[in-house]
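> 3D model of this:
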Amino acid sequence: MSKRNNQANKAAARERLRAERERQAKKDKVRKQVVVAVSVVGVLALAGVASYGVMQLNKPGHWEAAADAKNVTAPKNTSGTNGTTVVVGKSTAKKTLELYEDSRCPICAQFEQTVGETVHKDVDAGKYKVKYIGATFIDNSDSGEGSKNALSALGAALNVSPQAFLDYKYALYSAKYHPEETADKFAKDSYLIEVANTVDELKDNKAFQKDVNDGTYDNWAMKMSETFDKSGVQGTPTLKMDGKTVTGGGSDNAPMTVADFNTAITKALKG
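Residues are numbered from 1 along each chain as shown. Purely as a prediction, here's the structure:
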């Protein structure tokens, strides 16, 4: 091989090596650009997820939104601001018994199971009217939303009729259907409808069921709960007549037997 050819071969080899290095450098540059781009997209995506998460955390929940509602859908058979005045009974009855209850309250359930029927008979007889004030504080103390959901369902029953309301309230507090205080069964619409099917006016009542499933009276329930909160009443059940607390058995609590209730009501009616 001539010296000239040997030099030419070496020059060609150097050129190929240079070209290969340039191609590799370009590949590395492109790879770095892709990695940087993907990293930027990843960071932006994480930032977006974090931002969305913060927005979701700050977004008011369903019941908070219902409480803040400006336009309240009140059931029929109500009056007053936002329909939060619920009075059941004969218009000729001169006295009104105020009844403060929370649907999840176990003591309210005991009261309704022992005294509830007597109250219904008295109302039917025109001895007094009943003004109902619903509370939801157990949802806060024991967590959950059963008190609120049941109160909304009671609004749906009241929209059917006052009698349906009373019968449904009685059914919700019954020994068969009232859950333990820590069991939030009233949070389920299906369970509320199951209980309602034991009430003549509500059995297979599609309009009532739709109102329960749609939460038609959720904002009304929250306004009613607000009425309770502003009343100054500290616990349930609480009974009042003419602004005075009706108690039984020499205690500061609501009368829990028919005998104690009758004694207390007779005294209140004379007051």
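> use CA for all of it now, contacts and neighbours both
OK.
> and the helices in the stretch 151-271 of the chain, which stretches?
Remark: helices assigned in the stretch 151-271 of the chain by DSSP state H, counting those that start in this stretch are 162-172, 189-196, 206-214, 218-231, 258-270.
> the ones you listed: which one's closest to residue 247?
Taking CA to CA, helix 258-270 is the member of those nearest to residue 247, at 6.4 Å.
> what is the mean pLDDT for that closest one?
Helix 258-270 carries an average pLDDT of 97.
> circling back: can you redo the helices of the stretch 151-271 of the chain as TSV with distance to residue 249 and mean neighbour count?
Below are the helices of the stretch 151-271 of the chain laid out as TSV (distance: least, CA to CA, whole Å; neighbours: other CA atoms under 10 Å):
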stretch	distance to residue 249	mean neighbour count
helix 162-172	23	21
helix 189-196	32	19
helix 206-214	39	17
helix 218-231	24	22
helix 258-270	6	16
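> output the contacting helices and strands for the host helix or strand of residue 63.
Element membership of residue 63, judged by DSSP states H and E, is helix 62-67. Here helix 62-67 touches helix 218-231, going by 3 or more CA pairs under 8 Å, 6 or more residues apart in numbering; DSSP states H and E.
> which residues touch the helix it packs on?
63, 66-69, 72-74, 82-84, 100, 133-136, 148-149, 151-152, 155 (CA atoms under 8 Å, 6 or more residues apart in numbering).
> weed out the non-buried ones from the residues you listed.
By neighbour count, with 16 or more other CA atoms under 10 Å, those hold 63, 66-67, 72-74, 82-84, 100, 133-136, 148-149, 151-152, 155 as buried.
> now, the residues you listed that are in strands?
Judged by DSSP state E, the buried ones among the contacts of helix 218-231 include 100, 133, 134, 135 as members of strands.
> the residue nearest to residue 132 when sequence neighbours are not counted bridge partners, please.
Leaving aside its sequence neighbours, residue 132 sits nearest to residue 99 (CA to CA, 6 or more residues apart in numbering; 5.0 Å). Beta-bridge partners recorded for residue 99 (DSSP bridges): residue 132, residue 239.
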